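Colleague: A predicted structure for the sequence below; I have some questions about it.
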Number of protein chains: 2
Amino acid sequence: MTDVAAWLASLNQALSGNQPERVADLFLETGLWRDFLAFDWTLATHEGRADIAGFAARRADATGASAWTTEAAASASEGFIAFETAKGPGKGYVRLVEGKALSLFTMLDELKGHEFPLRQRRISGLVSDGGPSWQDRREQERSSLGVNQQPYVLIVGAGQAGLALGATLRLLNVPHLLIDKHSRVGDQWRSRYKSLTLHDPVWYDRMPYLPFPDHWPVYTPKDKMGDWLEFYASVMELDVWTGTELKSARPGTDGWTATVVRNGEELELHPDHVVMAVGNAGFPRVPEFPGAETFKGRQYHSSAHPGGAGLAGQRVVVIGANNSAHDICADLVEHGAHPVMIQRSSTHIIRQSTMTDVMLKPLYSQEAVAAGLTTERADLISASVPIRLQEIGSRQAWAKIREAEAPFYSRLEQAGFKLDFAEDGAGIAGKYLRSGSGYYIDVGACEMIADGRIALRSGIEVSRIVPDGIELADGEHIPADLIIYATGFGAMEEWVSRLIGEDVAARIGRCWGYGSGFRGDPGPWDGEMRNMWKPTAQQGLWFMGGNLAQARFYSRLLGLQLKARLEGLTDG
Amino acid sequence: MTDVAAWLASLNQALSGNQPERVADLFLETGLWRDFLAFDWTLATHEGRADIAGFAARRADATGASAWTTEAAASASEGFIAFETAKGPGKGYVRLVEGKALSLFTMLDELKGHEFPLRQRRISGLVSDGGPSWQDRREQERSSLGVNQQPYVLIVGAGQAGLALGATLRLLNVPHLLIDKHSRVGDQWRSRYKSLTLHDPVWYDRMPYLPFPDHWPVYTPKDKMGDWLEFYASVMELDVWTGTELKSARPGTDGWTATVVRNGEELELHPDHVVMAVGNAGFPRVPEFPGAETFKGRQYHSSAHPGGAGLAGQRVVVIGANNSAHDICADLVEHGAHPVMIQRSSTHIIRQSTMTDVMLKPLYSQEAVAAGLTTERADLISASVPIRLQEIGSRQAWAKIREAEAPFYSRLEQAGFKLDFAEDGAGIAGKYLRSGSGYYIDVGACEMIADGRIALRSGIEVSRIVPDGIELADGEHIPADLIIYATGFGAMEEWVSRLIGEDVAARIGRCWGYGSGFRGDPGPWDGEMRNMWKPTAQQGLWFMGGNLAQARFYSRLLGLQLKARLEGLTDG
C-alpha cells in the first residue's frame, strides 16, 4: 500500500467512525483541508487541527464519504484522489509530509442522478417520431424565456464568467438567461485597444467544455477572443439578451424582481437566483485633482479610451502605472502620440514570457499537455493548494525570478520606474487575488519605458491640473493635449450598492480578496475569496468573475450549487 | 525484433538498395501497396507483385524513404508505421500474413519546411510593436482577396468538403477563396427537411482541426450542423463569398479564368487551381413519364422539396426508394400527409443503429476514444485498407449482419419492400463508393413502411402520369395531389460539362467510383476513387466531395498537394 493509500484508509476509518479528533490527527499541526462542496455546501479552507476537527465533527456524518482511492504511485507522498459521497462522486488531491497531511483538497465532481451529459452520457440528438426538431425547440426556448417562462437563474454579464456559468447551467438543464449591455457577445473584448492579446497563454485560457483547436495562437488576439466567445454562446446554446442592462434587482420572499432594459424597453424578470458576472471590479475611479475643470483639452478615464487612432503627434499625460496605463501608453506610442506616464506609487511587473515560461509552464503548456496533464487535472492541482500555501509558494518563486531576471528589473529601475513585488514578496498571485490591481503583465510597454518612448515621472503626486497640462508636486509643468486617468476601478460590491441596494451591500460585505491584510485586502483572514462562487449572506445572490481560468474552473462549482438548489438537494 | 520491425528492415534494405524485385517479394502474391503521396504525387493502390515491383522501380529512388519504425507490439503481425522521405515525414500501416505483406499503406504526413502550425508549432499571436492587429490583417485580406490579390486556389462550394480543404489551405498558408451559392455558410444543411440529423455518429463526423466538444449529440441535428459549419468557417478564418455562383471556368496557359456571379454582380477571377467541392452528385434527374404535363397538382424533384409543412391530409406519390424518398416520406407522415412510395427497383437498407453500433464502433465510438484511438489514428487505419480488401471485409460483415438482423429485414420484405445488399453483397460501403446511391440509412422510415404509415408499391414501373395521379404498369391508378420525383442525381462530372466544357469533361472521364464493374460504376478496375482528391487529366482541376469523414481525411491530402505545387515541390 502506498503512503497516500494508507493515509486515505486511516482517513476513511476516522471519518466513518465519526472520530473528528482522529481525523485532525492525520494532519500536520498547521495542516489545511480545503473543501469545495464535497463535505459542505460552500468553498472553505479549514486551517489547523482544531478547525479540521470541528469541520469533521460537523460534516462527516451527513457526507458519508467512502470508496477512497488514489492514483498516487507507491513511492509518492502526494497524488490525485477520488471518493464517493451521498451527493455524488468527489475528487481531490492530498500532500503528505512524513505521513501527515500538509493539505487535503476535496471537491464535489458531479451530482448523483444529475451528471453532466458528456462523452458516454451525451444525448442522442435524434428527433423522435413527430417530435419538435432541434431548431423548433431552440426557437421555442428563445421566444418564451423571460416572457412565458421565468429563468431560474439570471446571469448579469455575458463575458467569459457569465458564459462559462451559462454553459454549465445548460448542460445541467437549469433554466437561465444571460443579459449583457453590449450589442454582441464578445464586444467587451472587441472594444479594447487594437494590439491587445490575452496576457496568458492558450493552455491556461480555454473555456470549459469547448477546447481551443490545436492551431490556436499562444496569445489570442482580442477580436479573435471576442468572436470565440460569440461562437461559444451559440455552440453551447446559451440564451443571451444582448443590448440589455440590469436597472435594479430586489430580493423578495419568493425570489427576485429584476428590472432590465432591453434595447430601450423596460421589462421585469422573476428569477430565483441572480448571479453578478460583471467582472471583478466596480466603477471607474477618477481622483479629484484641483483645477481639472480648467483643462482645455480632453480628459477621460482609461475605460473610455477608444484607442490611439488619430492621436499622432499629440501630447498625452497618463496618470497611473498599472495595466491600463501601460497598455494605453504602448498603444499611444504605436499611434505616434507622445505619452508621459505618471507613476504615483510603485507597481509590480511580470513579463509575459515569465508568466508563460516560468509560472504557468508546469501545469499549463504544450509540455504539460504532452505529459498527460489535461486542463481538468491541471485545474484540480491548482485548486488543491490552499491560499495559505499559495502565498508561501509565490514568495519562494518570486525570490528566484527576481534573481534570474535582475537585468530586466534593474533596467526598468534605471529608467526611474518604482517596482514592488507585493508587500510580502508574493508578486502577481498575491496582487491579483488580494485586490486585482497594482501590477502590469509586460507585453511590451516596459521596453518603451526603458528606451524612453514612454516618458516617465515616478514617485510623485499630481498637485493640480492646469489649462494646458498638469503640474506635479515638485512644481514641474507637463503640457498635455489629452489627460487619461488610468486610476483604476472601485470594488465589485459597488454593483450591489447601485443595483440591489445599500442594505444588501452591507449584509454581503466585501467581495474578492481573502483577508490577507495587505493593500486593498483588509483582514480578517478568510482563506478563500470572499463571496466568490459560493453562497453569500444574501440568499439567491451570487458572484462569478475573474480571469478565463477562474471562469472555467469555478463555473462548474457554481453551476453545481445552483443545480442542487433547483433539485432541492442542499441540506443547509 | 518484432515481425513488423523485421519486415520494415527488409523493406528498407530493398528500397534503399534499389531492388524492386526484392521489394515485391516482401508482399503476398496478391499483396497490395496503397500509397497516398508518400512515394508518388498521387493516390494509388498497386496490386500484386508485378505492379509493386514496377512502382518500386519507378519511385523508390526519388522518394529516399528511411528511418522506418513501428508501434506494433512484439507479437503483432500488423501495426502503425512511420518513416521519413525527401518530401517529409510519412506514416502508415502494415498487415503481415506469415511474414509477407497482405497490405502496406504509406502516406505523406507533412511537407518538410511547411509543417502544420499545430500544438508546439502554433503561432504566437502577439502583435509586433506597431504591426497590424489580427483584426486589421483579416480585414485587409477580406477586402483584397479576389480584387487586388488573386487566390491561388478557388474552391467551388463551401459545404463540409470545401470548408475542410479551406481550413487546410489556411493552415498551410495557401491563398484561397471559397464561393458558395447559399446566402450563409451551412444553408445546404439548414434547408433540408426538419427532422434530419446526421446519419453517422459524432465520432465519425467531426471536421478536421476543430473537434466537437464532449457534450455534442451522437447525431447532430441539421440546423446545429449548419451553425457549426458557419462557425467553423469563422474560427478557421476562411474567406468565403456567399451568394456567389460559378458561371464558367476555362483553363489557360497561365491558370484559370473563372467567371463568378457575386450577389448579382459578374466578376472574373484568375486562380491557378480550381477545386470542385459541390458534392458527389450532379444535377437532379427526372425521368420523362408520358402524361407528366397533364398532371393538375404540383410535381417536383426531391431536391426542391421544402418539407412537409402545410401538406397535412394531402395525397403524395413519391417515386423512388432511396435515401431522399425515405426521408421525404417520413417527413410527410410527420406532417400528416399520406405518402405512397413507388419502389421501382431494389434498395439497400442499413439501420442507423447498425451503422453506429456494428460498422463504425471498432474505430469511431466512445469506446474507441477511451481506448486511445484518436480520430487521426482511426482515419489512418480506415485508409490503410485498400478498396480490394474493403470489398472482402464488407461482404463478410454483411453476411453476419443479415443473419443477426433477419427479423428486421424479413418484416420489411413482408411489407413488400424489395431489398438488396449490392450485387456482390458488399452492402453500404460498396454502394456508397461505387455510385453514392441505391441505399437508405434507416432513421425511422422503415418502421413506417412496415406498419403501413408509408404506403408502398414495389417492383413495378410507373407507366404514365394522369391528371389526378399516376398509373402503374399493372394498371393500378394512384390518386395524388403532389408527385415528388426522388429519382436521384446525375454524375459529378456533369458539373464539368456545364461549367468548364465538354472538352475538359471528356478528358477527365468519370468521377467517383473505382471501376468495380457493378451498377453505376463501370470498369475498368482502378482501385481508387476516380479523380477524387488527386491530380486529374486537366492540370489545375481537382475534386473534393464526399461525406464528413472523407472531407476530414482527404482535405489534408489535397491540401498538401496544392501546397506542394505552390512551393514548387512536385517532381512530376
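Modeller: Great, that's in hand. Nothing here was measured: the structure is a model prediction, and the numbers come from that model.

Colleague: alpha carbons only for contacts and neighbour counts from here, please
Modeller: Fine.

Colleague: for A:Phe83, which three-state class applies?
Modeller: strand (DSSP: H, G, I helix; E, B strand; the rest coil).

Colleague: wait, it sits on A:Trp68?
Modeller: Yes - with contacts counted by Cα atoms under 8 Å, A:Phe83 reaches A:Trp68, the gap being 4.4 Å.

Colleague: quick one: which of the two has more around it?
Modeller: Of the pair A:Phe83 and A:Trp68, A:Phe83 is the one with more neighbours under other Cα atoms under 10 Å in any protein chain shown, namely 22 against 17.

Colleague: A:Gly125 and B:Leu198, how far apart?
Modeller: Look at A:Gly125 and B:Leu198: by Cα to Cα, to the nearest Å, they are 9 Å apart.

Colleague: what's the overlap in contacts for these two?
Modeller: Residues touching both A:Gly125 and B:Leu198 (Cα atoms under 8 Å, 6 or more residues apart in numbering or on different chains) are B:Tyr219, B:Thr220, B:Pro221.

Colleague: give me the neighbour count for the closest residue to A:Asn323 other than its chain neighbours.
Modeller: Of all residues not flanking A:Asn323 in the chain, A:Tyr440 sits nearest, at 4.4 Å (Cα to Cα, 6 or more residues apart in numbering or on different chains). For A:Tyr440, the neighbour count with other Cα under 10 Å is 23.

Colleague: so in terms of bridging, what pairs with A:Tyr440?
Modeller: Per DSSP bridges, the residues bridged to A:Tyr440 are A:Ile349.

Colleague: OK, contacts around it?
Modeller: When the contact criterion is Cα under 8 Å, 6+ apart, the partners of A:Tyr440 are A:Ala321, A:Asn322, A:Asn323, A:His326, A:Thr347, A:His348, A:Ile349, A:Ile350.

Colleague: which one of those residues has the most neighbours?
Modeller: Neighbour counts for the contacts of A:Tyr440, by other Cα under 10 Å, peak at A:Ala321, which reaches 28 neighbours.

Colleague: phi, psi of it?
Modeller: phi -150, psi 30 (degrees, to the nearest 10).

Colleague: for it, give its distance to chain B.
Modeller: Using Cα to the nearest Cα, to the nearest Å, A:Ala321 is found at 20 Å from chain B.

Colleague: what about the closest residue to that residue other than its chain neighbours, distance to chain B?
Modeller: Take A:Ala321 and drop its neighbours on the chain: the residue closest to it by Cα to Cα, 6+ apart is A:Gln343, 5.1 Å away. Using Cα to the nearest Cα, one gets 23 Å for the distance from A:Gln343 to chain B.

Colleague: please apply the same query to A:His477.
Modeller: Between A:His477 and chain B the computed distance is 30 Å (Cα to the nearest Cα).

Colleague: same check, this time on A:Leu360
Modeller: 16 Å.

Colleague: could you do A:Trp533 as well?
Modeller: 24 Å.

Colleague: part of a strand, is that residue?
Modeller: No - per three-state DSSP, A:Trp533 lies outside any strand segment and is coil.

Colleague: that one - how many residues pack around it?
Modeller: When neighbours are counted by other Cα under 10 Å, A:Trp533 registers 23.

Colleague: does it touch A:Gly540 like I think?
Modeller: No - using Cα under 8 Å, A:Trp533 is not in contact with A:Gly540; the gap is 12.0 Å.

Colleague: per-residue confidence for the residue of the stretch 251-400 of chain A found nearest chain B?
Modeller: Residue of the stretch 251-400 of chain A nearest chain B, by Cα to the nearest Cα: A:Glu334 (5.0 Å). Looking at A:Glu334, its pLDDT is 89.

Colleague: what is the neighbour count of it?
Modeller: Count around A:Glu334 with other Cα under 10 Å applied: 19.

Colleague: torsion angles phi and psi at it?
Modeller: Backbone torsions for A:Glu334, taken as degrees, to the nearest 10, come to phi -60, psi -30.

Colleague: then A:Leu389?
Modeller: phi -80, psi -30.

Colleague: again with A:Ile483
Modeller: The phi/psi pair for A:Ile483 (degrees, to the nearest 10) is phi -120, psi 130.

Colleague: likewise A:Val156?
Modeller: For A:Val156, the backbone dihedrals (degrees, to the nearest 10) come out as phi -100, psi 110.

Colleague: how about it, what does it touch?
Modeller: Neighbours of A:Val156 in contact, by Cα under 8 Å, 6+ apart: A:Gly162, A:Leu178, A:Ile179, A:Asp180, A:Leu246, A:Val274, A:Val275, A:Met276, A:Ala277, A:Val278.

Colleague: out of these, who's the most crowded?
Modeller: Within those, neighbour counts (other Cα under 10 Å) peak at A:Gly162, which reaches 30 neighbours.

Colleague: mind showing which ranges of the stretch 101-250 of chain A have poor pLDDT?
Modeller: A:129-130 (pLDDT under 70).

Colleague: how about the strands in it?
Modeller: For the stretch 101-250 of chain A, the strands defined by DSSP state E, counting those that start in this stretch occupy A:153-156, A:176-179, A:240-241, A:244-252.

Colleague: redo those strands as TSV? Include distance to A:Arg142.
Modeller: Output for those, formatted as TSV (distance: least, Cα to Cα, whole Å):
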stretch	distance to A:Arg142
strand A:153-156	14
strand A:176-179	10
strand A:240-241	9
strand A:244-252	15
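
Colleague: from chain B, how far out is the residue nearest to A:Asn323?
Modeller: Remark: distance between A:Tyr440 and chain B (Cα to the nearest Cα) = 17 Å.

Colleague: right, and A:Pro306 touches A:Arg192 too?
Modeller: Yes - with contact defined as Cα under 8 Å, A:Pro306 reaches A:Arg192; the gap is 7.4 Å.

Colleague: more neighbours: which of these two?
Modeller: Each of A:Pro306 and A:Arg192 has its neighbours counted (other Cα under 10 Å); A:Arg192 has more, 17 against 12.

Colleague: list phi and psi for the more buried one.
Modeller: phi -80, psi 180.

Colleague: and it, what does it touch?
Modeller: A:Arg192 touches A:Lys222, A:Pro306, A:Gly307, counting by Cα under 8 Å, 6+ apart.

Colleague: run the last query once more with 10 Å
Modeller: A:Lys222, A:Asp223, A:Ser303, A:Ala304, A:His305, A:Pro306, A:Gly307 (Cα atoms under 10 Å, 6 or more residues apart in numbering or on different chains).

Colleague: A:Pro290 and A:Val466 touch, don't they?
Modeller: Yes - A:Pro290 lies in contact with A:Val466 (Cα atoms under 10 Å); the separation is 8.6 Å.

Colleague: neighbour count: the two, which is higher?
Modeller: Using other Cα under 10 Å as the criterion, A:Pro290 and A:Val466 rank with A:Val466 on top: 20 against 12.

Colleague: identify, from the contacts of A:Tyr440, the entry nearest to A:Leu433.
Modeller: A:His348 (13.7 Å; Cα to Cα).
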